[in-house]
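[1] what shape does this take:
(3 chains)
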Amino acid sequence: MSSAQSSTMTWHDWLASETPTSRVQALSSRVYQSIGAVTANPAAFTGLIIISILILIAMFAGVITHGVSPYAQILAERLAAPSTTHWFGTDELGRDIFARIVYGARVTLTIVLLVSILVAPIGLAVGTLAGYLGGWVDIVLMRVTDVFLAFPRLVLALAFAAALGPGIENAVIAISLTAWPPYARMARAETIAIKNSDFISAVVLQGASTARILFRHIVPLCISSLIIRLTLDMAGIILTAAGLGFLGLGAQPPAAEWGAMVASGRNVILDQWWVATIPGFAIFIVSLGFNFLGDGLRDVFDPKKS
Amino acid sequence: MSEAPLIEVEDLNVTFPGRGGATKAVRNISFALGRERLGIVGESGSGKSTTGRALLGLIPAPGIVTAKQMHFKGQSLAGLNDRQWQEMRGQHISMVMQDPKYSLNPVIKIGHQIQETYLLHQKTSKEDARQRALMMLEAVKIRDPEAVYHLYPHQLSGGMGQRAMIAMMLIAEPELLIADEPTSALDVTVQNEVLRILDDLVTDRGMGLIFISHNLTIVSSFCDRVLVMYGGRIVEECKASELHRAKHPYTQALIKAAPLLNHPVKTLSVVVRDVEWSR
Amino acid sequence: MIEVRGLSVTFKNKGRAVKAVQNASFHVAEGEIFGIVGESGSGKSTLLKAIAGLIEPSPRSLLIEGQEMGVKRSKADRKLMQFVFQDPYGSLHPRQTVDDILREPLIIHGIVDIDTEVSKALADVGLQPLHRYRYPHQLSGGQRQRVAIARALILKPRILLLDEPTSALDVSIQAEILNLISNLRLTYQLTSILVSHDLAVVAHLCSRIAVMRLGEIVEILNVEDLRNHKATQHYTSELLAASVGYSRTA
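    Next up, the predicted model:
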């Protein structure tokens, strides 16, 4: 028995304990069990791996590309086929596609992050408030939600691009503005189901303020399904962002954005297939990764199952 | 009239394999049932419901049922396949569950659900099945069968729903009815009526009844014979009328733990569990 | 201590007003435990929730220590009165540990020395320190109900409202919880109202009992009268007969 082995055993025991002795242990053991459940689910695990790889690629882009810049144009080598020097070939300006794909991961992650930061809190706030307070607050908030839901996403993005100029930030804002309403509806439905339960009545009777009830007791119960939904939607969001890039309304040249890269390869798709296909493939893999993770998370955490 | 008993069970075991080792829900129980009212009492986790489900082949996977002998009228229930079980369940053995809300299909009219069960097992015309369904509703003391026939489950009160459920279970004239807490979701004043319906069925049709309940008062006043279960085992078997003279310390403690209207006590006695009981 | 004068509760359902409680009147003296018994739909739980301040009672129908109360109450008024719910599975937040659950009322009321109070509350209801950091799903039904009682008592209320506190529990666990309630009532000199469908449970703890049916109080009688079957109303006699068990002729 090596000491390392016995120490990992005790870590496991500590984390899997049915009788935690401190708040820290209780919390860590819940996190541990959740991670265990996610990694035991094949779909979720595959998704998790894909997204982890995406994050690693984005973080170490410089190292992975050996310092090859995604913007360096070598016109002599334009539209070169995949080879040992250019793994994925080069585009019409002689830029290394491999480097652009790697740096493109950063753009994709930025979109994912920005959309999550905007969509989840807005949806959660509107939904829980409407659901908990009910009455005219509910009516007003839900009508506003309906209005936003009625905007066609691409048309709104076009309008934004026209008004504020094209760019990745404006594309994200346009996507977020049309993406939050379903989250608000979901949070509202969950809040309505939760608000009449006895454990909420118990805190009401203790004299808790409305804000405290919402943030400490209702929001934590809505978050898990929100995250699942967000993960599942993420593929669609990435595709929309890529679509906007393709239309020239998202990331602007020379930024390495996968959607814009597909667009730039459009003219040469028959002769130089790799220019459009490889970024398209990257979009496909990452979307698939988020879908897998979302599905897996739903299987593991769906409140209706447990 | 000496007939083979309806049910003969010897050494029945139900095991649920789990991550932390197997859980033995029912352990080595044996009993026989004639055309009588047999009560099975016990607290939650005692294995009383699992026993009932095992007799109907309704133990969900990965649960494992083993028995030295499990016979219904001399026929072994051990090796039945799904189709044979289905036949057995409709025609010979039926089950009434605790809450009619979960056992009736919410989007099908009561009458249709009842006659559907009949058509499943009997080759007969729709009209005949309809007549029979109405007859059954009348048999369970529903005052206006024609009206109830056309209602949906949510339009019925708890007591009415439970009666409709019993009607559905009895339309194929089973010889054995397993009732799992059939009155626990009902008000006390309705409870008595439902019990009387079950009582009549046993007395008039010679049906066998296994009555599963946690309520000692009801079981001792309603059944002929009682099995007391604890930790998956039968710890006591006695005549229902003699339950108050029970010998096993668990049964005695259970009786003493319930507050009684006519015998006020300052402090209720608490069941002190002995590991020996579940050995 | 608690005075109910012609209390009614009306629910609006699709534009139609449904009276769940009609014109209920009784009073509960300091230190007394008052029982309300009735079948489902009798309005007994609704009445208790109106007293607790979860449901709006009719105006000027509820006085607590001589003070009129409705559904909007100050923190101090909330602290005066606590509630134990019927379902020990639904009354504890599923994502909070026992410690979180017991801490919450102390934080809301700005009580210092939270750690000592929590351990004392656990000891009061017969739970071990090892239960403190468990989640509700790791506890049995009886243990959960003990947590719910500890949560109700941690603010040191003077009034404890009990809504079918044992109907979801096994008989042996019911005995433990009923004993616990009766001991704690003495220790903390609590005034209580106990609602139950079970006559024997109500009779075990209460001195005076109101029988409710279809939203109205049918009669209020002493526990001795109830035990001796000296009910004046037919409905009460019916309940009494049914509680003895099954009889062919009844």
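[2] what packs against the helix or strand encompassing B:Thr15?
    Assessed by DSSP states H and E, B:Thr15 sits inside strand B:7-16. Contact partners of strand B:7-16 among helices and strands, from 3 or more C-beta pairs under 8 Å, 6 or more residues apart in numbering or on different chains; DSSP states H and E: strand B:23-33, helix B:48-55, strand B:64-66, strand B:69-72. Where you see a C-beta, it was placed from the backbone N, CA and C, and this is true even at glycine.
[3] again, 6 Å this time
    Packing partners of strand B:7-16 (3 or more C-beta pairs under 6 Å, 6 or more residues apart in numbering or on different chains; DSSP states H and E): strand B:23-33, strand B:64-66, strand B:69-72.
[4] just checking: what are the partner strands of the last one?
    Using DSSP bridges, strand B:69-72 pairs in its sheet with strand B:7-16 (antiparallel), strand B:75-76 (antiparallel).
[5] which residues are in contact with the strand holding B:Thr15?
    Residues outside strand B:7-16 that contact it (C-beta atoms under 6 Å, 6 or more residues apart in numbering or on different chains): B:22-33, B:50, B:54, B:59, B:63-72.
[6] number of residues surrounding B:Val265?
    10 (other C-beta atoms under 10 Å in any protein chain shown).
[7] tell me the contacts of A:Val115?
    Applying C-beta under 6 Å, 6+ apart to A:Val115 gives the contacts A:Val172, A:Ile175, A:Ser176, A:Ile237.
[8] chain B: which of the residues you listed is nearest?
    Taking C-beta to the nearest C-beta as the measure, chain B lies nearest A:Ile237 of the contacts of A:Val115, at 37.1 Å.
[9] and that closest one, what pLDDT?
    You'll see A:Ile237 listed with a pLDDT of 86.
[10] after whatever helix or strand it lives in comes which helix or strand?
    In the assignment (DSSP H and E), A:Ile237 maps to helix A:219-247. Downstream of helix A:219-247, the next assigned helix or strand under DSSP H and E is helix A:258-264.
[11] state the distance from B:Glu145 to B:Leu134.
    To be clear, residue B:145 is Pro; Glu isn't right here. Using C-beta to C-beta, to the nearest Å, we find B:Pro145 at a distance of 5 Å from B:Leu134.
[12] ok, which of the helices and strands packed on strand B:7-16 comes nearest C:Pro157?
    Closest to C:Pro157 of the helices and strands packed on strand B:7-16 is strand B:23-33 (C-beta to C-beta; 40.6 Å).
[13] could you list the buried residues of the closest one?
    Under the neighbour-count criterion of 16 or more other C-beta atoms under 10 Å in any protein chain shown, strand B:23-33 has B:Lys24, B:Ala25, B:Val26, B:Arg27, B:Ile29, B:Phe31, B:Leu33 buried.
[14] low-confidence stretches in the chain?
    In the absence of a named chain, chain A is used. Applying pLDDT under 70 to chain A flags residues A:1-9, A:18, A:302-306.
[15] let me rephrase: I mean chain C.
    C:248-250.
[16] and the contacts of A:Val115 near chain B, which?
    For chain B, no contacts are drawn from those by C-beta under 6 Å from any C-beta of the partner chain.
[17] which PyMOL command selects the buried ones in those residues?
    A single PyMOL command selects the buried members of the contacts of A:Val115 (16+ other C-beta under 10 Å):
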select buried, chain A and resi 172+175+176+237
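[18] mean pLDDT added to the helices and strands packed on strand B:7-16, as JSON lines?
    Formatted as JSON lines, the helices and strands packed on strand B:7-16 follow (pLDDT from 0 to 100):
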{"stretch": "strand B:23-33", "mean pLDDT": "91"}
{"stretch": "strand B:64-66", "mean pLDDT": "90"}
{"stretch": "strand B:69-72", "mean pLDDT": "90"}
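[19] can you put these in TSV and add distance to C:Ser167?
    TSV is the format used below for the helices and strands packed on strand B:7-16 (distance: least, C-beta to C-beta, whole Å):
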stretch	distance to C:Ser167
strand B:23-33	25
strand B:64-66	32
strand B:69-72	35
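[20] which among those strands is found nearest to C:Glu164?
    Nearest of those (C-beta to C-beta): strand B:23-33, 28.3 Å.
[21] residue 163: neighbouring residues, count only.
    You didn't say which chain, so I picked chain A. Around A:Ala163 there are 8 residues (other C-beta under 10 Å).
[22] should've been chain C
    C:Asp163 is flanked by 22 other residues according to other C-beta under 10 Å.
[23] that older thread, so what does the helix holding A:Ile237 touch, helix or strand wise?
    With contacts defined as 3+ C-beta pairs under 6 Å, 6+ apart, the packing partners of helix A:219-247 are helix A:97-133, helix A:168-195, helix A:258-264, helix A:274-301.
[24] can we see that at 8 Å?
    Packing partners of helix A:219-247 (3+ C-beta pairs under 8 Å, 6+ apart): helix A:97-133, helix A:153-164, helix A:168-195, helix A:258-264, helix A:274-301.
[25] okay, these, which one's buried deepest?
    Stretch with highest mean neighbour count among the helices and strands packed on helix A:219-247: helix A:258-264 (a mean of 25; mean count of other C-beta atoms under 10 Å in any protein chain shown).
[26] who are the packing partners of that one?
    Helix A:258-264 packs on helix A:97-133, helix A:219-247, helix A:274-301, going by 3+ C-beta pairs under 8 Å, 6+ apart.
[27] burial count for the spatially closest residue to B:Pro62 that is not a sequence neighbour?
    Distance criterion C-beta to C-beta, 6 or more residues apart in numbering or on different chains; nearest residue to B:Pro62, sequence neighbours excluded, is B:Pro17 at 5.5 Å. A total of 10 residues lie near B:Pro17 under the criterion other C-beta under 10 Å.
[28] which residues touch B:Pro17?
    Each residue near B:Pro17 by C-beta atoms under 8 Å, 6 or more residues apart in numbering or on different chains is listed here: B:Thr23, B:Pro62, B:Ile64.
[29] isn't C:Pro105 up against A:Val204?
    No: C:Pro105 is beyond contact range of A:Val204, at 11.5 Å (criterion: C-beta atoms under 8 Å).
[30] okay, the two: which has more neighbours?
    Each of C:Pro105 and A:Val204 has its neighbours counted (other C-beta under 10 Å); C:Pro105 has more, 26 against 20.
[31] end-to-end on stretch A:160-168?
    The first and last residues of stretch A:160-168 sit 11 Å apart, counting by C-alpha to C-alpha, to the nearest Å.
[32] starting at the chain centroid, how far to that stretch?
    With C-alpha atoms, centre = their mean, to the nearest Å as the basis, stretch A:160-168 stands 22 Å off its chain's centre.
[33] likewise for stretch C:42-50?
    Stretch C:42-50 sits 10 Å away from the centroid of its parent chain (C-alpha atoms, centre = their mean).
[34] residues contacting C:Gln189?
    Neighbour list for C:Gln189: C:Gly31, C:Arg158 [criterion: C-beta under 8 Å, 6+ apart].
[35] give me the neighbour count for A:Ile35.
    12.
[36] still on that earlier bit, in a markdown table, list the contacts of A:Val115 along with distance to A:Ser225.
    Shown next, in a markdown table, are the contacts of A:Val115 (distance: C-beta to C-beta, whole Å):
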| residue | distance to A:Ser225 |
| --- | --- |
| A:Val172 | 23 |
| A:Ile175 | 21 |
| A:Ser176 | 19 |
| A:Ile237 | 18 |
